[in-house]
Each structure stands twice: as C-alpha cells, then as structure tokens.
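Participant: Coordinates for the following, if possible.
(4 chains)
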There are 2 protein chains.
Amino acid sequence: MATYPSVRILLIDDHRLFNDALKTLLTTQPDLTVCGQVFTANDALPAIHRLTPQLVLLDVNLQGVNGIDLGRQLLLHFPGLRVMLLTMYNQPKLLEEARQAGLHGYLLKDATTDQLLTGIRTVVTGGTYFSLNEFGTSLPDDHFGDDFARRLNLTFREVEVVQLICQGLSSEQIAAQLNLSVDTVKTHRKNIYFKLGINKVADLIQFAVKQGI
Amino acid sequence: MATYPSVRILLIDDHRLFNDALKTLLTTQPDLTVCGQVFTANDALPAIHRLTPQLVLLDVNLQGVNGIDLGRQLLLHFPGLRVMLLTMYNQPKLLEEARQAGLHGYLLKDATTDQLLTGIRTVVTGGTYFSLNEFGTSLPDDHFGDDFARRLNLTFREVEVVQLICQGLSSEQIAAQLNLSVDTVKTHRKNIYFKLGINKVADLIQFAVKQGI
DNA sequence: GGAGCAATACCACAAAAGGGGTATTTTCAA
DNA sequence: TTGAAAATACCCCTTTTGTGGTATTGCTCC
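Facilitator: This next block holds a predicted model:
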C-alpha cells in the first residue's frame, strides 16, 4: 500500500448535505484532511486565508455564481493553490472552460469514490485530472480562428442577459432592469444565440441549466 | 443519549459520489445501516427484494425518470416500506406532490446533517418529515375545489407536450410530431400554463428542469 | 343518463421573439 | 495610438407566442 503526503482540503459547495457527506467520506482516508467547508462563494476567500488548504474542491453550481469564475479568482489570489471542480454536468464545453481557466481538475459528482481519490491525489501532486463520463477526454486542438472559436465565449453583459432571460424576463423587462434600450437587449440576445449556435429561449435555458445557471 | 432501533437503508441516486459519500456519513450512526445503493430506477425493485430495507432514500432526479413516480411504485409493491425523497429542489409544488403520492419525507440535499438524521429517524418510526428551506413547512389545507386544486395535475397528453416544448420544438413541430393540429397544441399549451400558473416558455422549462425533465 | 374531464380543433388579435441589417461610443491591450 | 471587441442603439419585417373565446367528441364514474 502506497503512502501519500498529507493534504488539507477545503470544500466549497452549497449543497450542505453533499458537503457533509463528502467530508465524512474523505475522513476515511488518513492522508486527506478536510480542513473546512463553506457554502457560499463569498466565504471562500476568507476561509482559504484562515485555513490555508492545499486543495479546494469546488462545485460549479454556487447560488448564481459560476464556480469556474470563482476558481479563476482563487488561483489569482493563491497561486500555489490546487483547485478541482466537482459538478454534475457531463459537459465537454464546461470541462474545456475549466481547463482554459487554469483549474487543475474536473470531476463528475457521478464519479466513483475511486475516481475521486485518484483525482485528488493526482491533482495535489501537481498533475491535472479532467474526466467525463463516456465521451473522450479532450477536444482536438484544431478549429481556431473561425466562428467556432468565438462560440461559448459570452461576454460579461451577455451572461447577465442570459441570467435574466432564464429568470423568465422578457426583453422589455430586462431592458428596464439594466437601464438599456429594448433594442440593445435584442442585440445581445441575437449575439448570444449566434455564439451558442441556438435560436430559441428553450435552447438557451437548457444550455444555462447545464452550465449551472 | 437516546438509543434508536436499528434501521436498514437503501440509497437510490444516480450521483454516485453523493451516494457513496452519504453512505459513509450514515455509517457513522450505529443505528443506521446502509444495506445497499443503486444508481438507476430499474435496479430499485430487485434491490429492495434482495435487501429488504426499511427505508429508501430516493433522489427525484433519476436519469429522466421522476423519483416521485418511482416512489409511488415502490409503495405499491412494498406497502410497509418507508420512502423519503432527497432533492436539491426547494419547491413547495414538488413537496406537495411527494406528499400527495404518499411518500413519507422530503428533504433538501441542502439540508444539514442534523436535519437528515432527524428526518430519517422520524420517518422510520412511522412519522413523516417534509421540509424546505425558509418558507413555511406546509401549505394551508384550504382552497379546494377551485382552480388551484387543478394546478400541477397535468394530463398525460399535457406532459407529452411539455417534454417536446422543453426539447425546443415549436408548436408547429410538436403538432407534426404528434399528428395534431397546431391549434390543439396551442390549446394544450394554454392549459398547461394555466395549471402551472405561468405564462412563458422560460418559466415552463425552469419548472420542467426542476421536476427532472 | 348526465356531469365532468380529456382531447381534439377552430377563430382572431396582441405581444413578443427571431433574423437581417447598420452605426456609434467606450474600453483595453498590443 | 490604433485597432479590435464590447456595449450601446436603431430600422424593418416575419414568425411564433400568448390570450381570449367557442365547440365537438368520446370516456368514465356515480
């Protein structure tokens, strides 16, 4: 039986029960210590300051906040930190975005305990561990420069509009809320649809739900 | 410290990691034994036959299948069985539907460990335990007979239409697929919206996603 | 045998969404 | 400091939704 270096882990996930359960599971591994758990994105930075974990396990689905964005921020503030995403979304696009953001791992909540432990140990020893369900591990590195490259790269404003659309607001209501002209909102809408390769609210909401709102 | 009667529990949840973690957490309680875990609705009935648990903890979100429907079936086959739902959806409507279906508990994955344990012990001793986040625990028992009572009771055809709408089909495409007139589809749409108290595709899809498609 | 519901279908009108453009200002990095 | 994106805004026109009705046919339950 190999012995592993001791690792302190922080959990960030607003599903308390999952958080608790995961914590208990990890405590069965002598080398893995859960040094804390927080439930909101706001609590993340202070907690890392206080607890100085080596690894953060991060849900993508944090109360309106995108876990990947949070991960990016964490890396900015704590360059030595290892960050692994935990998500229920079996989405190559999401995985790719996480990789792009410089995160160190992507694991499905659907994963087995073995995968989790292997993933953690790979990531804390300086490796990366990205895994999905049945589809290939990574995308081919081609198709740069054309329309495809621009897809999925929503701007800040566009993401904002996506969120409001998904809350069921009409273009008019969104315009009122953001202090914009209805036409501007419609333009954003068009651009979003183009980038995502869709053409209906229905598609958009499905997309958004899979990304974690 | 009170002592509790010993209870055997079966987990049904296709999030393996959550399942595993929850299992480990429950094993810390001397009275609560996890006698098995399955990941698909199909495996549920055979597993209960084989393992004869007293309690089933059931996710609502089982690979396209509605956990509440599965729960209903389980109760039909095993009248003595206790069934508690575990879900991430803080939805009074869902809770009410679970209660209606004769299930014994409804707990958020967002719940604390304490709530989970209390819930389990309440349910196995013959009680029921329904809880949401911050809103009141149960609905007042009035408003029967009027429009409200009809809400949320979608007919078979209506559910079919909901599914197609959520796949992003237009009324016209749905009509083609089901061999109906567009007007009929629109009528279904109107009735669905009325029953759910909504008035937009966006709302409908949000609703559907929360129900587990 | 009639009340109630599910499923079907039609009409008409108003309100949004979707698709095609073009154009101005701001911002930011090379 | 120049050039590319991002954010803003307008026009026009088509299609789809959403809302308000009405109506017929079966089926089932009491």
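
Participant: what residues does chain A put near chain B?
Facilitator: Residues of chain A lying near chain B by C-beta under 8 Å from any C-beta of the partner chain: A:14-18, A:20-22, A:24-25, A:28, A:86, A:88, A:107-113, A:116, A:165-170, A:198, A:200-203, A:205-206, A:209. (Each C-beta comes from the backbone N, C-alpha and C, glycine too.)

Participant: go with 7 Å
Facilitator: Within chain A, the positions adjacent to chain B are A:14-18, A:20-22, A:24-25, A:28, A:88, A:109-113, A:116, A:165-166, A:168, A:200-203, A:205-206, A:209 by C-beta under 7 Å from any C-beta of the partner chain.

Participant: on contacts alone, who are the packing partners of the longest helix along chain A?
Facilitator: In chain A, taking DSSP state H as the definition, the longest helix is helix A:182-196. If contacts are counted by 3 or more C-beta pairs under 7 Å, 6 or more residues apart in numbering or on different chains; DSSP states H and E, helix A:182-196 sits against helix A:156-166, helix A:171-178.

Participant: Among the residues of chain A next to chain B, which ones are in helices?
Facilitator: Of the residues of chain A next to chain B, the ones assigned to helices by DSSP H are A:16-18, A:20-22, A:24-25, A:113, A:116, A:165-166, A:201-203, A:205-206, A:209.

Participant: For these, which PyMOL command selects only the ones that are buried?
Facilitator: Only the buried entries of these go into this PyMOL selection, using 16 or more other C-beta atoms under 10 Å in any protein chain shown:
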select buried, chain A and resi 16+17+18+20+21+22+24+25+113+116+165+166+201+202+203+205+206+209
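
Participant: Give me the residues contacting stretch A:32-50.
Facilitator: Outside stretch A:32-50, the residues that touch it by C-beta atoms under 7 Å, 6 or more residues apart in numbering or on different chains are A:6-12, A:14, A:16, A:19, A:23, A:26-27, A:51, A:53, A:62-63, A:65, A:70, A:74, A:77-78, A:120.

Participant: 6 Å instead, please
Facilitator: The contact list for stretch A:32-50 (C-beta atoms under 6 Å, 6 or more residues apart in numbering or on different chains) reads A:7-12, A:14, A:19, A:23, A:26, A:51, A:53, A:62, A:65, A:70, A:78.

Participant: By pLDDT, rank the residues you listed and give me the bottom one.
Facilitator: Model confidence across the contacts of stretch A:32-50 bottoms out at residue A:65, which has 59.

Participant: where among the helices and strands packed on helix A:182-196 is the average confidence lowest?
Facilitator: helix A:156-166 (a mean of 83).

Participant: Remind me what that helix packs against, helices and strands.
Facilitator: Counting contacts by 3 or more C-beta pairs under 6 Å, 6 or more residues apart in numbering or on different chains; DSSP states H and E, helix A:156-166 is packed against helix A:182-196, helix A:201-211.

Participant: if we go to 10 Å?
Facilitator: Applying 3 or more C-beta pairs under 10 Å, 6 or more residues apart in numbering or on different chains; DSSP states H and E, we find helix A:156-166 packed against helix A:171-178, helix A:182-196, helix A:201-211, helix B:201-211.

Participant: Any stretches of chain A with poor pLDDT?
Facilitator: By pLDDT under 70, the weakly predicted segments of chain A are A:1-2, A:61-66, A:88-94, A:110, A:132-153, A:209-213.

Participant: Which among the helices and strands packed on helix A:182-196 is found nearest to DNA strand D?
Facilitator: helix A:156-166 (3.6 Å; C-beta to the nearest atom of the strand).

Participant: How about residues contacting the closest one?
Facilitator: A:64, A:66, A:69, A:154-155, A:169-171, A:173-175, A:177-178, A:180, A:184-189, A:191-192, A:195-196, A:201, A:204-209, A:211, A:213, B:202, B:205-206 (C-beta atoms under 10 Å, 6 or more residues apart in numbering or on different chains).

Participant: Number of residues surrounding residue A:68?
Facilitator: For residue A:68, the tally of surrounding residues (other C-beta atoms under 10 Å in any protein chain shown) stands at 24.

Participant: And for residue A:8?
Facilitator: Residue A:8 has 15 neighbouring residues, counting by other C-beta under 10 Å.

Participant: Next: the one 5 residues further on.
Facilitator: By the other C-beta under 10 Å criterion, the neighbourhood of residue A:13 contains 26 residues.

Participant: Now do the phi/psi pair for it.
Facilitator: Backbone torsions for residue A:13, taken as degrees, to the nearest 10, come to phi -170, psi 130.
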